[in-house]
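Next comes the sequence, and after it the predicted model I'd like to discuss.
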Amino acid sequence: MAAQPFDVAAIRKDFPILETGIAYLDSANTSQRPRQVTGAMLEYFEKFNSNVHRAAYRIAEEATVRYEATREKVRAFVNASSTKEIIYTRGTTEAINLVAYSWGRKNVRRGDLIVLTILDHHSNIVPWQILAAERGAQIEFVDIDDKGELRQDQYADLLKRGPKLVAFNAVSNALGTINPARAMVAAAKEAGATVLVDGAQSTPHQPVDVQELGCDFYAFSGHKMLGPTGAGILYGRRELLEAMDPFMSGGDMIKTVRVEGATYHDLPWKFEAGTQAIAEVIGLGAAVDYLGGLGMHAVRSHELEITEYAYEALSEVEGLTVYGPPPSRRAGVISFALAGIHPHDLATIADRDQVCLRAGHHCAMPLMTRLGVPATARASFYIYTQKDEVDRLVGSIKEAQRIFA
């Protein structure tokens, strides 16, 4: 499908924070929010603030309708087969922990193999390390090549060992590497594994079709895709979710409670105990509407244009090392190191120029160790990024070089 270009200047008018003059180059960390998202949340607070699923009066019914409408919007956005497969969480981290707890503790046994990758975010490493330690399972990591791409030969060898679980990110938050997720899922399923895909960095930036992808679980966060913090999604295949025990228990995740015991609610509410982040879920629905209006093919096309421009500009800076694959095989993320200048110092100098740049290990310490660096600077782009902001970043880098010369 050919991507239709969109008007970045017009889009930027929807983001009040950009009127302050900042060049926001940290969208992989958290994106900015348009007025349409904050407006939807404010409307809830001011016009129908109430709990959901619990009352028969008008504003509570309106809140419930808006809250559940997001579930259908998300279902369509990722092409799940049913809203029963769409579980609200606080974000990717909680979604993965939910799977590790509710699926993992029921299915992973001593001696089982869990396959992860060196590109993974801590939220897709630590829950499995805890599970493996509890269950006596083993974890193996797929390495990367010198271009920052997963070694598929090593992956194939690990699959021959019959892993119980394979979990990896569709897009690396640290390098921007776009993994061949569909092929990797198909190979893992053929090997008999259950597969979880971390979609935190893929869902905001490219079209997603979980049925085509073929994974068992898929997790992502609202705050990286124009939505608020505190609202995320776990997609899970219905038959797996039906067989899993609740992650949390309490109100609203039950059908009946007696002194002898309780019966659990139907999907998806079985996994949504207590009062949820109602305003945030409504805001996430508005974010999905916004991105759907732009078209995810157009979003990807714009980011690729910016990424190609930034990749070329940064590659021309003397003493700067760019990590990861070429732009055609990466999302809108560029991690780099500057000779003789710590990333934190560079980020501080860039901030003086109102350039917002991430510096650190990006919750990917195993990857930093693999690269042989303590940290990198990271510029990440989104629908509102313009080429002149990349130029401002290059100017900040050269200013840092002048200061540290």
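Ah, there it is. Computed from a predicted model, the values in this text were never measured in an experiment. Numbers count the residues shown, from 1 in each chain.

secondary structure class for the closest residue in space to Arg35 that isn't next to it in sequence?
In space, Arg35 comes closest to Asp14 once its chain neighbours are excluded; the distance is 5.4 Å by CB to CB, 6 or more residues apart in numbering. To be clear about C-beta, it is placed using only N, CA and C from the backbone, and glycine gets the same treatment. For Asp14, the assignment made with DSSP: H, G, I helix; E, B strand; the rest coil gives coil.

So Asp14 versus His297, what's the distance?
Distance from Asp14 to His297, counting by CB to CB, to the nearest Å: 20 Å.

Could you do Leu116 as well?
For Leu116, the distance to His297 - CB to CB - is 30 Å.

who's more crowded, these two?
Neighbours were counted for Leu116 and for His297 using other CB atoms under 10 Å; Leu116 has more, 24 against 14.

So which bits of the helix or strand harbouring the more buried one are buried?
Using DSSP states H and E, Leu116 sits in strand 113-117. For strand 113-117, the neighbour count (16 or more other CB atoms under 10 Å) marks 113-117 as buried.

Over to stretch 378-392?
378-386, 389-390, 392.

Now, those residues that are in strands?
Among the buried residues of stretch 378-392, the residues falling in strands (DSSP state E) are 378-380.

Which of those residues sits closest to Asp198?
Using CB to CB, Ser380 comes nearest to Asp198 of those, at 16.3 Å.

residues contacting the closest one?
By CB atoms under 8 Å, 6 or more residues apart in numbering, the contact list for Ser380 reads 25-29, 176, 332-334, 358.

If I look at it, what pLDDT would I see?
Looking at Ser380, its pLDDT stands at 98.

Next: the one 10 residues further on.
Looking at Val390, its pLDDT is 98.

so what's it closest to, chain neighbours aside?
Ala310 is the one closest to Val390 (CB to CB, 6+ apart), at 4.6 Å.

Name the residues of the host helix or strand of that neighbour that come out as buried.
Using DSSP H and E, Ala310 sits in helix 296-315. For helix 296-315, the neighbour count (16+ other CB under 10 Å) marks 296, 298-300, 302-307, 309-311, 313-314 as buried.

before we move on, the earlier item: between the contacts of Ser380, which is closest to Phe247?
Nearest to Phe247, judged by CB to CB, of the contacts of Ser380 is Asn29 at 25.8 Å.

My guess is that closest one contacts Arg358. True?
Yes - if you go by CB atoms under 8 Å, Asn29 and Arg358 touch, sitting 5.5 Å apart.

quick one: which of those two has more around it?
Neighbours per residue, other CB under 10 Å: of Asn29 and Arg358, the larger number sits with Arg358, 22 against 17.

check contacts around the more buried one.
25-26, 28-29, 347, 377-380.

how about 7 Å then?
26, 29, 378 (CB atoms under 7 Å, 6 or more residues apart in numbering).

of these, closest to Ala56?
Nearest to Ala56 out of the contacts of Arg358 is Asn29 (CB to CB; 41.7 Å).

what residues does the helix or strand hosting Gln154 touch?
Gln154 is located in helix 152-159, with elements delineated by DSSP H and E. Here helix 152-159 makes contact (CB under 7 Å, 6+ apart) with 115, 140, 142-143, 184, 187-188, 191.

And the helix or strand following that helix, what's buried?
Heading C-terminal from helix 152-159, the first helix or strand you meet, by DSSP H and E, is strand 165-169. Of the residues in strand 165-169, 165-169 count as buried by neighbour count, 16+ other CB under 10 Å.

Stretch 205-217 too?
205-208, 210, 213-217.

repeat for stretch 395-405
Residues 396-397, 400-401 are the ones in stretch 395-405 that count as buried (16+ other CB under 10 Å).

Can you tell me which of the residues you listed lies closest to Gly261?
Ser396 (61.2 Å).

can you tell me which helix or strand that closest one belongs to?
When elements are assigned from DSSP H and E, Ser396 belongs to helix 387-404.

Show me what that helix is packed up against.
Judged by 3 or more CB pairs under 7 Å, 6 or more residues apart in numbering; DSSP states H and E, the packing partners of helix 387-404 are strand 23-25, helix 296-315, helix 343-352, strand 355-360.
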